[in-house]
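A.B. asks: Turn this into a model:
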Amino acid sequence: MSDAPARRPVTNTRVVVIDGDVVRERPDRLVTEEPMEIRVHGPGQSPEPLAVTMRTPGHDFELAVGFCVTEGLLTDPEELDSAAYCLGGQGEQLYNVVTVKLRRPVPAGARRRDLVTNSSCGICGTTSLEEVELQCAPVADGPVMGIDAIRALPDRLRDAQSVFDRTGGLHAAGLARSDGELLVVREDVGRHNAVDGVIGHAFLAGMLPLRDVALVVSGRLSFEIVQKAAVAGIPILVAVSAPSSLAVDLGRRLGQTVVGFVRGDRANVYSHPERVALPVGV
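C.D. replies: Residues are numbered from 1 along each chain as shown. Down below sits the predicted model:
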């Protein structure tokens with residue numbers, strides 16, 4: 001189940017650079033942003049659209065599967081039959097349409113996004129707040145993580161962003177062990193897509209629930225990122241920027257440790273600080 005190299009995460013362009021009184025033209029690179037439709041079906045069912053998301057091509061199957069996991073449609077790897085690009089009328093592969101096939105029927109009341117999920121907002125298209133908050137059980141106790149390992153995560157995530165180095169226009173999400181070692185990193189123009197990507201990778205690798213890892217993100221922590229992490233069982237969330245009030249409230253209710261503004265020697269722990277080990281004497 002490997003993604004075909006049909007689309008590249010980077011698009012070449014030319015740019016006019018103005019530097020003081022100097023104006024020059026030079027080649028440049030942009031992060032690729034394209035729509036991807038996710039369809040889902042089970043045995044004997046026709047594929048039905050689930051969502052359209054603006055994403056950076058590269059790990060489309062992990063993104064589609066991760067989205068199904070965090071939407072509550074996939075809970076066990078045994079339920080997944082396949083993820084594949086759709087075929088057009090002439091038999092050509094449609095690299096912006098991915099179909100996820102389950103080994104069981106998809107419930108008739110499965111939640112469906114009504115609009116495009118854009119690259120900055122993961123909950124666009126939902127019809128009510130009640131639809132947004134999935135029923136999640138509190139996460140397991142999880143590991144205790146040293147503050148030094150937490151403070152090192154943003155730099156480690158940044159060092160792993162190969163596409164960001166070429167474009168400067170991508171979010172990233174990564175899964176890390178309690179010692180701070182990164183297990184997987186995914187980049188995308190949408191931060192929620194990056195989170196779905198690492199969760200999809202973990203699901204396909206048989207790693208869920210992710211009771212013993214931390215999620216680190218390159219931007220802020222929104223309500224839905226905390227929710228997605230809870231669905232995957234992730235107990236610790238680390239962000240370079242701020243969490244929202246709703247994200248902190250959800251983290252407290254679901255037993256998750258939310259850490260924000262992790263920059264240099266600083267870090268703010270907003271919920272369940274018992275998982276953060278401070279240096280001796282502090």
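A.B. asks: got a list of what residue 88 touches?
C.D. replies: Residues counted as contacts of residue 88 (Cβ atoms under 8 Å, 6 or more residues apart in numbering) are residue 94. Where C-beta positions appear, they are placed from N, C-alpha and C, glycine not excepted.
A.B. asks: And residue 146, by the same measure?
C.D. replies: Residue 146 neighbours (Cβ under 8 Å, 6+ apart): 178-180, 276-277.
A.B. asks: quick one: which of the residues you listed is nearest residue 81?
C.D. replies: residue 178 (33.9 Å; Cβ to Cβ).
A.B. asks: Can you report how many residues lie near that closest one?
C.D. replies: If you count neighbours by other Cβ atoms under 10 Å, residue 178 ends up with 19.
A.B. asks: what's the distance between it and residue 230?
C.D. replies: The gap separating residue 178 from residue 230 is 18 Å, by Cβ to Cβ, to the nearest Å.
A.B. asks: Same check on residue 77?
C.D. replies: Counting by Cβ to Cβ, the gap from residue 77 to residue 230 is 19 Å.
A.B. asks: who has more neighbours, those two?
C.D. replies: Neighbour tally, residue 77 and residue 230, criterion other Cβ under 10 Å: the higher count belongs to residue 230, 24 against 14.
A.B. asks: Find me whatever residue is spatially closest to that one, sequence neighbours aside.
C.D. replies: Excluding the flanking residues, the one nearest residue 230 by Cβ to Cβ, 6 or more residues apart in numbering is residue 136, at 4.3 Å.
A.B. asks: give me the number of residues near the one you found?
C.D. replies: 19.
A.B. asks: Isn't it up against residue 226?
C.D. replies: No: with contact defined as Cβ atoms under 8 Å, residue 136 does not count as touching residue 226 (9.6 Å).
A.B. asks: can you tell me which of the contacts of residue 146 are in helices?
C.D. replies: Within those, no residue falls in helices by DSSP state H.
A.B. asks: Spatially, which two of the residues you listed are the most separated?
C.D. replies: 179 and 276 (14.0 Å).
A.B. asks: With neighbour numbers in mind, choose between these two.
C.D. replies: The neighbour comparison of residue 179 against residue 276 (other Cβ under 10 Å) goes to residue 276, with 17 against 11.
A.B. asks: what sits opposite the more buried one in the beta ladder?
C.D. replies: residue 145 (DSSP bridges).
A.B. asks: What of residue 186?
C.D. replies: Counting by DSSP bridges, the residues bridging with residue 186 are residue 173.
A.B. asks: Grab the nearest non-local neighbour of the residue most central in space within the chain.
C.D. replies: Relative to the mean C-alpha position of the chain, the nearest C-alpha, by Cα atoms, centre = their mean, is the one of residue 195, at 1.2 Å. Nearest non-adjacent residue to residue 195, counting by Cβ to Cβ, 6+ apart: residue 173, 4.6 Å away.
A.B. asks: isn't that neighbour right up against residue 197?
C.D. replies: Yes: using Cβ under 8 Å, residue 173 is in contact with residue 197, at 6.9 Å.
A.B. asks: Between these two, which contacts overlap?
C.D. replies: With contacts taken as Cβ under 8 Å, 6+ apart, residue 173 and residue 197 have residue 186 as neighbours in common.
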